[in-house]
Structures are given as structure tokens and as C-alpha cells.
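> My questions concern the predicted model and sequence given below.
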Amino acid sequence: MIETLVPIYDAIVNVLTFELFHLGKSAITLATILKFFILAGFVIIAEAMLRRVLLQRVLRRTHLDEGMSFAVARITGYAFIVLGIYLALTFVGIDLSSLAVLAGAIGVGLGFGLQNIVNNFISGIIILAERPIAIGDRVEVNGVAGQVTRISLRSTVVVTNDNISVIVPNSSFISETVVNWSHGDPKVRINIPVGIAYGSDVEKFRKVMMEVALAQPEVLREPAPNIFFIGFGDSSLDFEVGVWTAEMLRSPKKFRSELNYAIERALRANNIEIPFPQRDLHIRSGTLPITREQP
């Protein structure tokens with residue numbers, strides 16, 4: 001039995017130790033490649049465990065917010081992967097000085113063929129470092145509005161109010177105009193336009209709108225709501241009901257809808273008219289001469 005297995009073992013050893021090519025002074029064999037990928041796999045698994053421990057046991061005890069904790073864990077994880085890959089290459093005996101030419105070739109390839117990927121990669125690092133957006137922020141970019149749930153080096157996941165995950169390239173957050181509703185302070189002011197008919201009691205309208213605004217539990221008392229008189233429209237007196245809220249981070253459409261419902265009920269209950277567009281038609285009197293052509 002042993003005599004039968006010896007040739008098989010020798011054949012496997014010969015295959016694993018067969019020199020595929022040379023990288024500088026290092027001979028690359030199948031065994032070298034297998035050992036490197038095994039070590040790289042351990043590095044990736046260890047990075048995931050390290051990041052989980054940082055988030056759940058270390059950073060949670062600090063005063064950092066969720067977004068900052070996520071950024072610190074991500075950057076630490078990427079640094080750990082780079083260090084681990086370097087050690088793995090050294091362990092399997094690859095001459096790293098010989099990789100300079102390969103790195104130059106890869107750099108040229110990245111410059112021409114992988115511009116978008118490199119752009120998103122660098123943008124991801126900038127986002128994690130400068131934090132223009134963070135986990136939990138409500139953002140609007142390129143027509144996409146939702147809450148940031150995940151930031152990676154290539155893309156960011158934004159979940160809309162309809163629970164649809166949109167994958168946005170990181171470069172969009174660097175090169176495009178981004179609206180961040182919760183950057184620095186979650187409080188925002190929402191202005192609801194309201195038009196009432198000419199001849200309405202303006203002071204009564206103002207009092208009613210203040211009561212409506214303060215009756216909404218999502219409206220903040222400080223800063224206080226404001227009723228702005230915008231101007232004199234073609235068919236209405238134009239106002240804006242300005243209220244401060246933090247609901248834009250969770251359910252902005254629902255908040256606007258509930259406030260609109262409340263305003264409509266209050267106007268109807270107080271007999272304050274919302275006018276239709278009106279146009280005055282003036283017909284000038286006179287005679288219109290009619291001439292008949294001669295046959």
C-alpha cells in the first residue's frame with residue numbers, strides 16, 4: 001500500500017514544486033501560489049473579525065458617532081489587509097523588489113483601463129477620511145434620495161423610503177453636488193407653500209397656521225415655527241409655513257403629507273378659502289365693420 005502511495009506523493013510534490021516562472025530572484029511554483037492564497041484568505045477573515053471587534057467592543061465604548069466609528073473601523077481594516085498581504089508575500093519567499101516593474105505596469109493599466117474603478121477607490125478613501133457623508137445620513141445625489149447604510153471603497157449603498165437599495169459610485173459624492181440633510185445637525189426647516197384668497201383675514205390665518213404647526217408632534221418647538229408672507233400672487237396671497245423638524249432623516253414624505261392634511265383641515269374648518277386661478281376677461285364695446293366683396 002505504501003509502495004503504491006509513494007509514486008503518487010512524488011508526483012504531487014513534483015507538480016507543486018515545478019517552477020512556473022521567475023519573479024526577480026524568486027522562483028514561483030504552484031505551491032508558492034497556493035500558500036499565498038491560503039495566507040491571503042486568513043488575512044481577509046482576520047480583517048473581518050478585527051473590524052467586528054472594533055465596532056462592537058472598542059469603538060462602541062467611545063463617544064464617536066456611528067458614522068465615525070464605521071470610518072475608523074474601515075480604514076483600520078484596509079490597513080490590516082495591506083500589511084497582511086505584504087507579510088504573506090514575504091512569507092512565501094517572493095522578492096518584493098522585483099514587484100517594482102510589475103507595479104509600474106499595473107499603474108499604467110490602471111491609468112488607461114481602470115480609471116473609473118481607481119476614481120471610485122480614491123473617492124471612497126476621501127469619503128472615509130473627510131466624512132462628507134456618514135452612515136445614517138440622509139442624502140440626495142444624482143436624483144437619488146435616501147439614507148446611507150453602507151460605505152465601501154468602490155460604492156455607497158443608499159436605501160430610499162421605498163426600501164430600495166441604490167448603489168451609488170463614490171465618485172458621485174466627490175464630483176457632484178450632494179445634499180446632506182443631516183450633516184452636522186439633523187434639524188432642518190421645511191417650508192410648505194399655502195395660498196389664500198384675497199380678502200381673507202391674514203391675522204386669523206397666521207394664528208390658525210401656528211396652531212396647526214405646534215399641534216404636530218414631529219414639529220420642534222425650538223426653533224419655533226414661522227409663517228412667512230411671501231407676496232401678492234395673481235390669484236392669492238402667498239404664504240409659507242416654515243417648521244423645524246428632524247423627521248427628514250426618517251420619513252420626509254409622510255411628514256409633509258401629514259402637515260398638508262392638517263393645514264387643509266384647518267383652512268376648511270375656519271372658512272379660509274384656497275382660491276382657484278382667476279383671469280378677468282374684458283370685452284370692449286364698439287362696432288365691427290363688415291364689408292362684402294362685390295361679385
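Done, it's in.
> Contacts for stretch 207-226, please.
187, 189, 194, 227, 239, 241-247, 255, 258-259, 262-263, 266-267, 270, 272 (C-beta atoms under 8 Å, 6 or more residues apart in numbering). (Glycine included, C-beta is placed from N, CA and C.)
> mind running it again at 7 Å?
187, 227, 241-245, 247, 255, 258-259, 262-263, 266, 270, 272 (C-beta atoms under 7 Å, 6 or more residues apart in numbering).
> and those residues, which are buried?
Among those, the ones that count as buried by 16 or more other C-beta atoms under 10 Å are 227, 241-245, 247, 255, 259, 262-263, 266, 272.
> Among those, which one sits closest to residue 125?
Comparing the buried ones among the contacts of stretch 207-226 against residue 125 with C-beta to C-beta places residue 247 closest, at 32.7 Å.
> How about the contacts made by the closest residue to the closest one other than its chain neighbours?
Among residues not flanking residue 247 along the chain, residue 255 sits closest, at 4.2 Å (C-beta to C-beta, 6 or more residues apart in numbering). By C-beta under 7 Å, 6+ apart, residue 255 lies in contact with 218, 245, 247.
> Run through the bridge partners of the second one.
Read that as residue 245. Applying DSSP bridges to residue 245 gives these bridge partners: residue 188, residue 219.
> got the buried residues for whichever strand or helix holds residue 50?
Using DSSP states H and E, residue 50 sits within helix 30-53. By 16+ other C-beta under 10 Å, the buried positions in helix 30-53 come out as 32, 35, 36, 39, 43, 47, 50, 51.
> I would like the residues contacting it, please.
Outside helix 30-53, the residues touching it (C-beta under 7 Å, 6+ apart) are 15-18, 20, 73, 77, 80-81, 84-85, 88-89, 91-93.
> That one - what's its average pLDDT?
For helix 30-53, the mean pLDDT works out to 87.
> which residue ranges form the helices in the stretch 151-295 of the chain?
Taking DSSP state H, counting those that start in this stretch, the helices of the stretch 151-295 of the chain run over residues 170-175, 202-215, 252-269.
> Put the alpha carbons of the first one into PDB.
In this case it means helix 170-175. Output of helix 170-175 as PDB, limited to C-alpha atoms (Å, rounded to 0.1, in the frame of the first residue of the first chain):
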ATOM      1  CA  ASN A 170     -18.300  57.000  -4.600                       C
ATOM      2  CA  SER A 171     -17.000  59.400  -7.300                       C
ATOM      3  CA  SER A 172     -20.600  60.900  -7.400                       C
ATOM      4  CA  PHE A 173     -20.200  62.100  -3.800                       C
ATOM      5  CA  ILE A 174     -17.000  63.900  -4.700                       C
ATOM      6  CA  SER A 175     -17.600  65.300  -8.100                       C
END
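> list the helices and strands it packs on?
On a contact count with 3 or more C-beta pairs under 7 Å, 6 or more residues apart in numbering; DSSP states H and E, helix 170-175 meets helix 115-130, strand 155-159.
> picking that back up, show me which of the contacts of helix 30-53 is closest to residue 130.
The closest of the contacts of helix 30-53, once distances to residue 130 are taken by C-beta to C-beta, is residue 73, at 16.6 Å.
> Wait, a helix at the closest one?
Yes: counting by DSSP: H, G, I helix; E, B strand; the rest coil, one finds residue 73 located in a helix.
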